[in-house]
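Student: Generate coordinates for the sequence data below:
(2 chains)
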Protein chains: 2
Amino acid sequence: MKAAVFKGEGDIEVEEVEKPEVESSGDALIRVTHTAVCGSDLWFFRGQRDQAPGSAVGHEPMGVVEEVGDDVTSLEPGDRVLAPFSISCGECEYCRKGLQTSCVDAQFWGGENGGAQGEYVKCPHADGTLVKVPERVDDEDTLRSLLPLTDVMGTGHHAAVSAKVGQGDTVVVIGDGAVGLCAAHASKRLGARKIVSVGHHEDRLEIAEEMGATHTVSAEGSEAVERVLELTDGGADHVAECVGASSAMNQAAEIANPGGTVGYVGAPYGVDDDFSLFPYFGSNIELRGGVAPVREYMPELMEDVLQGTLDPSPVFTKEVRLEDIQEGYEAMDRRDDVKVLVKP
Amino acid sequence: MKAAVFKGEGDIEVEEVEKPEVESSGDALIRVTHTAVCGSDLWFFRGQRDQAPGSAVGHEPMGVVEEVGDDVTSLEPGDRVLAPFSISCGECEYCRKGLQTSCVDAQFWGGENGGAQGEYVKCPHADGTLVKVPERVDDEDTLRSLLPLTDVMGTGHHAAVSAKVGQGDTVVVIGDGAVGLCAAHASKRLGARKIVSVGHHEDRLEIAEEMGATHTVSAEGSEAVERVLELTDGGADHVAECVGASSAMNQAAEIANPGGTVGYVGAPYGVDDDFSLFPYFGSNIELRGGVAPVREYMPELMEDVLQGTLDPSPVFTKEVRLEDIQEGYEAMDRRDDVKVLVKP
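Tutor: Sure, this is the predicted structure:
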């Protein structure tokens, strides 16, 4: 089968690799129909995070079940499924609490499971990990709207939930990447009345408006903070930090009201260098969030997508075939595109 | 009048200074009967934080009202009062929310208000700041038990509340200073079943047991973490961080279960240097707390002290007269004593 393989900084190649197989009784083999390039894939693409050359990549698979192990009870061949970016058993304390990213047997795509930017993946703990898409769903538009539930939509939702966004609230979303756009969309879904999206790409902020932002601020640093404070009468009780940089984390504390909450979901690589906890301490601002348990959110978000009240598909500004995936990585690396859908 | 004055690193002298006066209609003049040296006073005593030489110090006054301005309605001369470490208006959005430390007109002791380690202080916003002690209370034991409500007991309580400690919970308290001891005491009051106090002073951990700890760990670094994990079957959902050092903040994340909560109240001076947010992110550990709104907690804690169900007075391991306050600072600096009560 074909799969995207990381060769070295700036170099993704599609190669013939061994097709994964059902080995354990809880496994499912999935033929990937839709997948995507993630902003976090750019870390290794840019050489900012170690990744073994030769390793299969991608972690946002959607597809059709081809084969299941003997103990899989919730799925059968032919079922269309969504898979979250992390694999979870569904049975441990943390899975039962809805924190599947802390599953005691958490696993990831790649290695013998196959990378999700490929034709097939094997999913261990299929019952605990995969979410079945109803059989009636097969139009391409709906599938494109479901695909972000594998990662960015669930992550944006986690930012909003972690920031305690609710009916009538004012929320500030820091970041105009796919997760930030989804956080604005999730905030709208949760009933927020004023949603201020902060970024510095006019084209992305237009998408933010399409997805729910009532106001946008295109600026950086202290200018961005000043303009947000004007728009929010001095600050917001709810801030969704969707960048994962120390500058954004520090901005979030400047924007949050005393006693407010910052929901953060940007993986804080390098954050520790310049991050200052003191403003959070001084104003009793809660810091909640982390790596998003998107598995937990999939059923409720899928329901809304299928009812037509949620549609994160505008994050896909480009689509490529698997063999052209390098072009997708490059477009995202240049920030020409927000997120790239990949069709194996 | 006499008051303690910071002269320079390691040097507190009691001098004749000008007695503060009621100037605004909301002021009250208080004759200080009891006050204390705080762990945070050691920062300037040790030269770790800037403090202007010649400035009056102390921020934990209890005393008797001597005079009030025309607009003070809740107090009259002769009333015994407790004062929190920060002055708050009682009327703004944050005071009404119970976050008086973020009062829009927050003020502090010292300067023209007089330092609380002195014979008199003037309290602006007397109605918003001071809490009246019932007239029947005048025995020295009860007064000693009330004094910690001006700072450390409210701060320890804030750590426990921020860590979401409730009935039947397991809580780990990091720190065996006065605030850590009070956090153990507060956890007991909130119904925690297992309270593990972590420190490295045997004498203080004995006090922790007296105040509510069911288990103690006398160790540092990874050894402390290991022993706590043994005692808690792998971690706790509730951790109260009462040190304010990066090592303790990092320990807290190692001890907290995924999805758990760390309540932190140690002022994080210098924390940013080695503090790592990544473990909090990876396990979705909430970080709540900050500078404690002790004014908010005073009425409920006072009620329990007066009913005899709460007694933080064991934190006072030494008592000195105001003129001997240098001796109190030195005893705390050497860690010979937990906290020193001062009688002007």
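Student: quick one, helices of the stretch 151-300 of chain A?
Tutor: Counting by DSSP state H, counting those that start in this stretch, the segments of the stretch 151-300 of chain A that form helices are A:152-162, A:178-189, A:202-211, A:221-231, A:246-255, A:278-282, A:294-307.
Student: Check which residues of the shortest one are buried.
Tutor: Within helix A:278-282, the residues that qualify as buried by neighbour count (16 or more other Cβ atoms under 10 Å in any protein chain shown) are A:278, A:280-282. No exception for glycine: its C-beta is placed from N, CA and C like everyone else's.
Student: and if you look at the fifth one?
Tutor: Neighbour-count burial for helix A:246-255 flags A:246, A:248-255 (criterion: 16+ other Cβ under 10 Å).
Student: Over to the last one?
Tutor: If you call a residue buried by 16+ other Cβ under 10 Å, then helix A:294-307 has these buried ones: A:294-298, A:301-302, A:305-306.
Student: Please identify which of the helices of the stretch 151-300 of chain A is closest to residue B:195.
Tutor: The closest of the helices of the stretch 151-300 of chain A to residue B:195 is helix A:278-282. By Cβ to Cβ, the value is 23.8 Å.
Student: residue contacts, the closest residue to residue A:47 other than its chain neighbours?
Tutor: Spatial nearest neighbour of residue A:47, excluding adjacent residues (Cβ to Cβ, 6 or more residues apart in numbering or on different chains): residue A:9 at 3.9 Å. The contact partners of residue A:9, taken as Cβ atoms under 8 Å, 6 or more residues apart in numbering or on different chains, are A:45-47.
Student: on that earlier part again, okay, the buried residues of helix A:294-307 in a markdown table with distance to chain B and pLDDT next?
Tutor: Putting these into a markdown table (distance: Cβ to the nearest Cβ, whole Å; pLDDT from 0 to 100) gives the following:
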| residue | distance to chain B | pLDDT |
| --- | --- | --- |
| A:294 | 12 | 98 |
| A:295 | 13 | 98 |
| A:296 | 11 | 98 |
| A:297 | 13 | 98 |
| A:298 | 17 | 98 |
| A:301 | 18 | 98 |
| A:302 | 22 | 98 |
| A:305 | 24 | 98 |
| A:306 | 28 | 98 |
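Student: Could you dump these into a markdown table and include distance to residue B:236?
Tutor: Formatted as a markdown table, those follow (distance: Cβ to Cβ, whole Å):
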| residue | distance to residue B:236 |
| --- | --- |
| A:294 | 26 |
| A:295 | 25 |
| A:296 | 22 |
| A:297 | 26 |
| A:298 | 30 |
| A:301 | 32 |
| A:302 | 35 |
| A:305 | 38 |
| A:306 | 40 |
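Student: I'd like the distance from the residue nearest to residue A:47 to chain B, if you could.
Tutor: 23 Å (Cβ to the nearest Cβ, to the nearest Å).
Student: do the same with residue A:133
Tutor: From residue A:133 to chain B the distance is 27 Å (Cβ to the nearest Cβ).
Student: ok, for that residue, nearest residue in space, not its chain neighbours?
Tutor: Closest residue to residue A:133 apart from its sequence neighbours, by Cβ to Cβ, 6+ apart: residue A:80 at 4.2 Å.
Student: Since that was my last question, I'll sign off now.
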